[in-house]
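Undergrad: A structural model of the following input is requested.
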Amino acid sequence: MSRHHKATGPVRQTRTGHGTAIPKSICVTGGAGFLGSHLCTRLIQAGHRVTCLDNFHTGRPANVAPLARSNRFELVEHDVIDPIPDHLPAFDEIYNLACPASPVHYQSDPVRTALICAEGAANVLHRAERDGARVMHASTSEVYGDPEIHPQREDYCGNVNTVGPRSCYDEGKRFAETLFTDFARQNGIVVKIVRIFNTYGPRMQPDDGRVVSNFILQALRGEDITVYGEGLQTRSFCYVDDLIEGFVRLMASGPEVNGPVNIGNPAEITVGELARIVIEMTGSRSRIVHRPLPVDDPRRRRPDITRATTLLGWAPRMPLAEGLEKTIRYFAGLDAAIAVPSGHPPAFATVARGEPLASI
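TA: Predicted structure coming up:
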């Protein structure tokens, strides 16, 4: 049975029967993670009542600690592989973000990762049907695999290895999209699916193995920056605040927004160039060293966001340099042991310190 980790007050039922009541009762699975905590903050700021479910495998209570000041926030320790507890309030909306999302984490227990995508998704769907809630499912650009078309559009079916080391996540997320789509058709609930492209920003975990966090921490510590392959593979980096705006707009969208929607930044950059930018912004003396490419690592990644711009009126706003500055400042303040190389004042040093990461 799940147990409360730190409940800050009950979430009262506010349903009207039409799902239009404001404030709403909203559940965020994986809500103490990187993306989930930013989403919870945004929803609390908007005046909603939020129940955050997390098993703390990759999420951290500290990510949502500032929300404890609100009596509209409840943090519940729970694993979505188990049914969502009956004692929790009826929900108007459910955002399903529960799943480890970096190779380091999802490959540490690939069977469990696949089950989260299957059984976890089913538990979310059954609860949504019971409550009459609409659901937004967080899928991923990894459903495109190592793509053979560029940029990637939602109607592209992908090029995924079903038996590779990444397949627990890639194929798990593809199956989850099928389950959400078929369940919605069969049971008449409202389902929205977002395909997330590389996202970065404060509250990324230092040990998640993602390229932005890896490069920033290696640069701040003066360590060699590890680039896999020749560094010519490309990624498109979306700042977390822009992504969350896309989440909220997608959840609120009407029936004309049907099927998956790419949310990401179409500004494409090579991994090698990103490493050079991070070195320059941190004033680091780190060297770039090259290692063999991981198996099934995508060569190119860039979203076609035509559907998001035309149907949601959404487009990313944060320039990469500004977003990296905020992220560098976060990591520099996270670990007091990080030493910035002397004689090379970092760009983020000019930014006022002590800025709150979350406000209510």
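
Undergrad: ranges for the strands of the stretch 1-150 of the chain?
TA: Along the stretch 1-150 of the chain, counting by DSSP state E, counting those that start in this stretch, strands occupy 3-6, 25-29, 49-54, 73-77, 93-96, 134-140.

Undergrad: and those strands as JSON lines, adding mean neighbour count and mean pLDDT?
TA: The way it works is simple: take the backbone N, C-alpha and C, and place the C-beta from them, glycine included. Shown next, in JSON lines, are the strands of the stretch 1-150 of the chain (neighbours: other C-beta atoms under 10 Å; pLDDT from 0 to 100):
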{"stretch": "strand 3-6", "mean neighbour count": "13", "mean pLDDT": "36"}
{"stretch": "strand 25-29", "mean neighbour count": "27", "mean pLDDT": "98"}
{"stretch": "strand 49-54", "mean neighbour count": "28", "mean pLDDT": "98"}
{"stretch": "strand 73-77", "mean neighbour count": "23", "mean pLDDT": "98"}
{"stretch": "strand 93-96", "mean neighbour count": "27", "mean pLDDT": "98"}
{"stretch": "strand 134-140", "mean neighbour count": "24", "mean pLDDT": "98"}
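
Undergrad: Let's have the ones you listed in CSV, adding distance to residue 258.
TA: Compiled in CSV, the strands of the stretch 1-150 of the chain are given as follows (distance: least, C-beta to C-beta, whole Å):
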stretch, distance to residue 258
strand 3-6, 36
strand 25-29, 22
strand 49-54, 26
strand 73-77, 31
strand 93-96, 17
strand 134-140, 13
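
Undergrad: ranges for the helices of this structure?
TA: Ranges of helices within the chain are 34-45, 61-64, 103-106, 110-115, 121-131, 167-187, 211-220, 240-252, 271-282, 306-312, 320-334, based on DSSP state H.

Undergrad: pLDDT (mean, whole number) over the fourth one?
TA: In other words, helix 110-115. Model confidence over helix 110-115, given as mean pLDDT, is 92.

Undergrad: So which elements touch that helix?
TA: For helix 110-115, the helices and strands in contact under the criterion 3 or more C-beta pairs under 8 Å, 6 or more residues apart in numbering; DSSP states H and E are helix 167-187.

Undergrad: who's the nearest residue to residue 67 once chain neighbours are set aside bridged to?
TA: Distances taken as C-beta to C-beta, 6 or more residues apart in numbering place residue 73 nearest to residue 67, at 4.3 Å, with adjacent residues excluded. Beta bridges link residue 73 to residue 50 when assigned by DSSP bridges.

Undergrad: What residues does the nearest residue to residue 79 once chain neighbours are set aside make contact with?
TA: With sequence-adjacent residues excluded and distances taken as C-beta to C-beta, 6+ apart, residue 79 is closest to residue 55, at 4.1 Å. Residue 55 makes contact with 77, 78, 79, 80, 98 under the criterion C-beta atoms under 8 Å, 6 or more residues apart in numbering.

Undergrad: shaky segments in the stretch 51-200 of the chain?
TA: The stretch 51-200 of the chain contains residues with pLDDT under 70 at 102.

Undergrad: same thing but at 80, please
TA: For the stretch 51-200 of the chain, residues meeting the criterion pLDDT under 80 lie at 101-108.

Undergrad: The closest residue to residue 202 other than its chain neighbours: neighbouring residues, count only.
TA: Residue nearest to residue 202 in three dimensions, not counting chain neighbours: residue 330, with 3.8 Å by C-beta to C-beta, 6+ apart. Neighbour count of residue 330, defined by other C-beta atoms under 10 Å: 18.

Undergrad: Just to check, residue 323 is in contact with residue 198?
TA: No - counting by C-beta atoms under 8 Å, residue 323 does not reach residue 198; the two are 11.6 Å apart.

Undergrad: Minimum distance to residue 318: which of the strands of the stretch 1-150 of the chain has it?
TA: Proximity to residue 318 (C-beta to C-beta) singles out strand 134-140 among those, at 19.5 Å.

Undergrad: List the pairing partners of that closest one within its sheet, with orientation.
TA: In the sheet, strand 134-140 lines up against strand 93-96 (parallel), strand 191-196 (parallel) (DSSP bridges).

Undergrad: want to throw these into TSV with distance to residue 84?
TA: Formatted as TSV, those follow (distance: least, C-beta to C-beta, whole Å):
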stretch	distance to residue 84
strand 93-96	8
strand 191-196	16
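
Undergrad: so which of these gets nearest residue 249?
TA: Evaluated over those, closeness to residue 249 peaks at strand 191-196, with 9.9 Å, by C-beta to C-beta.

Undergrad: Name the surrounding residues that touch that closest one.
TA: Residues external to strand 191-196 that are found in contact with it (C-beta under 8 Å, 6+ apart): 35, 134-141, 143, 154, 177, 180-181, 183-184, 243, 246-247, 250-251, 253, 257, 259-264, 303.
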